[in-house]
Structures are given as C-alpha cells and as structure tokens.
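Participant: Next one to model:
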Amino acid sequence: MTLEDSEGHPWSANVGIGWIIMLVAFSFGTALVALSIYLALWIRSKGRSLLPLAGFLLVVVALIAARFLPQIRANAVLEDRVALGTYLLWLASTFGLRYEITQYYRKTEGWEILIGPWVTYFFSAIYINYCINPFTLLSAKKYANSVTSLNLTAPRHTSDPAREP
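Facilitator: The predicted model follows:
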C-alpha cells in the first residue's frame, strides 16, 4: 500500500475538512495524532527530513509514558514538565512538517504553497492537510498570478471601443 494517490498527494488530502474535524472531535484528538504521523510519513517518503516524524512519534511515547508510568503521575512538577515538553515538541514537529511540505512543493512544483503560520499554530495538521488538498492546490496555482483578490488576471481597459455597448 502506498502513502499517496495517483497524483502524488496523500490519501487524507482528498477527504473534506469537515469529515476530518468530525473524526478528530469524535476520537478525542487521537485522529489528529494519527493524521500528523501519516503526513510526516508521506513527506518522508518524498525524500524530506525525518525530524517531523521522529517528533510526532516522541510525542506519542511521551503521552503513553505520562498516562501509564505512576512515577510521572505521582509527581505534579514532573507531570507539568512532561506536559510542557510534549506540547513544545508537538509545536516543533508541526512547524517542521509545515516547513518540509513548503520546501517539497517549492522544489518539485516550482511554486510557493501558502501554509499560514498562525493558522498552523491553532489547527495543526488539520490545516496542513487542508492546504495540500488537490482542489486547494489547483485553485492556488490557478490564481497565483492574479491581480486582486477578485482573481482578475489582467486590468480591463474601459477605453476599448470594441467593448462599449
């Protein structure tokens, strides 16, 4: 089984964002961890860095350790430190994934994919997955050279006699 569809996009990118949000909500965040690991595996299969994948796997190990090791749960200071470290590792891994995906599209497709840092901070892999959706990528490529937000590709001249009614 491959990690991508026939066009080279991850399988999860073809799923609508609403379904992913619903799955993350109903799984109490477990699906978000799985989606992050999957996207890190996908970008690793493209020859990019191993760091986002290693970071997400370390987050999973830290979550399991915090849940099942009584030494961590008994010591409130240690539990807080593990939680803070896990959170910072999650952020670093998410932004590492964002960086690797933008670099991949810059080098292979020759254009800059827009993955906003603030939205990435708040929505993590859900937003990154949305940005690499084939329909989102197609519209981003189509309107990359547009003049305004109305997607005008060139200014219109009103002095053209052929256009006047």
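Participant: Against W42, how distant is the residue nearest the centre of the chain?
Facilitator: Per CA atoms, centre = their mean, the C-alpha nearest to the average position across the chain is that of I128, at 1.8 Å. Relative to W42, I128 is positioned 11 Å away (CB to CB, to the nearest Å). Every residue, glycine included, has its C-beta placed from N, CA and C.
Participant: thought A62 was touching Y87?
Facilitator: No - counting by CB atoms under 8 Å, A62 sits too far from Y87 to count as a contact (9.7 Å).
Participant: Now the residue nearest to I17 when sequence neighbours are not counted: which helix or strand?
Facilitator: Nearest in space to I17, with sequence neighbours left out and distances taken as CB to CB, 6 or more residues apart in numbering, is Y130 at 4.9 Å. Take DSSP states H and E as the rule and Y130 turns out to sit in helix 117-131.
Participant: L53 now?
Facilitator: Element membership for L53, per DSSP H and E: helix 51-68.
Participant: CA-only coordinates of the helix or strand that that helix is followed by in PDB, if you can.
Facilitator: Per DSSP H and E, the first helix or strand lying C-terminal to helix 51-68 is helix 70-74. Coordinates of each C-alpha in helix 70-74 appear next as PDB, following Å, rounded to 0.1, in the frame of the first residue of the first chain:
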ATOM      1  CA  PRO A  70       3.000   6.100  38.000                       C
ATOM      2  CA  GLN A  71       6.200   8.000  38.800                       C
ATOM      3  CA  ILE A  72       5.100  10.800  36.400                       C
ATOM      4  CA  ARG A  73       1.500  10.900  37.600                       C
ATOM      5  CA  ALA A  74       2.500  11.000  41.300                       C
END
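Participant: now the next helix or strand after helix 70-74: mean pLDDT?
Facilitator: For helix 70-74, the following helix or strand on the C-terminal side (DSSP H and E) is helix 76-108. Averaging pLDDT along helix 76-108 yields 93.
Participant: Please apply the same query to stretch 16-32.
Facilitator: According to the model, stretch 16-32 has a mean pLDDT of 92.
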